[in-house]
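K.L.:
Predicted model follows, preceded by the sequence.
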Amino acid sequence: MKKHRLVLSDAAAADIVEQADWYSAQSGKALTARWEQAVTAAIMRVLHRPNAGTPCQFHASELHGLRRTAIPGFPKHLLFYRFDRDEVLIVRVVHGARDLEPLL
């Protein structure tokens, strides 16, 4: 199996940390730890099986090739990524109810 290099965009890293901070403030350390574990699991899943994510259908041509997957245990949060033969780029990790195309 080919190994892909993982790259996290600055926006994705900020998304993950901001959501963890929000969970920490709202519900404490247990939910924050569950969030961090779930995001890590989703990232590892797409790193090992990048074709498994659902292709996105956005209008903007620069978003073609983008895929998404849900965060386990947090099904309304989506991880958006793209990949090629060498690299998996995590673009954003956001709540799916947001206006997604402008965020990406």
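P.N.:
Arrived safely, thanks for sending. Numbers count the residues shown, from 1 in each chain.
K.L.:
helix/strand/coil for Lys76?
P.N.:
State at Lys76, reduced to three classes by DSSP: H, G, I helix; E, B strand; the rest coil: strand.
K.L.:
ok, now which ones touch the closest residue to it other than its chain neighbours?
P.N.:
Ranked by CB to CB, 6 or more residues apart in numbering and with sequence neighbours excluded, the top spatial neighbour of Lys76 is Gly96, at 5.2 Å. Quick note: C-beta positions are derived from backbone N, CA and C, even for glycine. Shown in contact with Gly96 (CB atoms under 8 Å, 6 or more residues apart in numbering): Lys76, His77, Leu78.
K.L.:
Can you say which of the residues you listed are buried?
P.N.:
With burial judged by 16 or more other CB atoms under 10 Å, the buried subset of the contacts of Gly96 is His77, Leu78.
K.L.:
What distance do you get for the residue nearest to Phe83 when sequence neighbours are not counted to Arg85?
P.N.:
Using CB to CB, 6+ apart and skipping the chain neighbours, the partner closest in space to Phe83 is Pro50 (4.1 Å). According to CB to CB, to the nearest Å, Pro50 and Arg85 sit 10 Å apart.
K.L.:
who's more crowded, the two?
P.N.:
The residue with more neighbours, out of Pro50 and Arg85, is Pro50; 19 against 7, by other CB atoms under 10 Å.
K.L.:
was I right about that one contacting Arg67?
P.N.:
Yes - counting by CB atoms under 8 Å, Arg67 is a contact partner of Pro50 at 7.4 Å.
K.L.:
With just CA atoms, put the helix or strand harbouring Tyr81 into PDB.
P.N.:
Assigned by DSSP states H and E, Tyr81 belongs to strand 74-83. What follows is the C-alpha trace of strand 74-83 in PDB, where atoms were taken according to Å, rounded to 0.1, in the frame of the first residue of the first chain:
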ATOM      1  CA  PHE A  74     -19.600  14.100  15.400                       C
ATOM      2  CA  PRO A  75     -21.600  13.400  12.200                       C
ATOM      3  CA  LYS A  76     -22.400  17.000  11.500                       C
ATOM      4  CA  HIS A  77     -18.800  17.900  11.300                       C
ATOM      5  CA  LEU A  78     -17.100  17.300   8.000                       C
ATOM      6  CA  LEU A  79     -13.400  16.900   7.100                       C
ATOM      7  CA  PHE A  80     -12.700  18.200   3.600                       C
ATOM      8  CA  TYR A  81      -9.600  17.100   1.800                       C
ATOM      9  CA  ARG A  82      -7.900  16.400  -1.600                       C
ATOM     10  CA  PHE A  83      -5.200  14.000  -2.500                       C
END
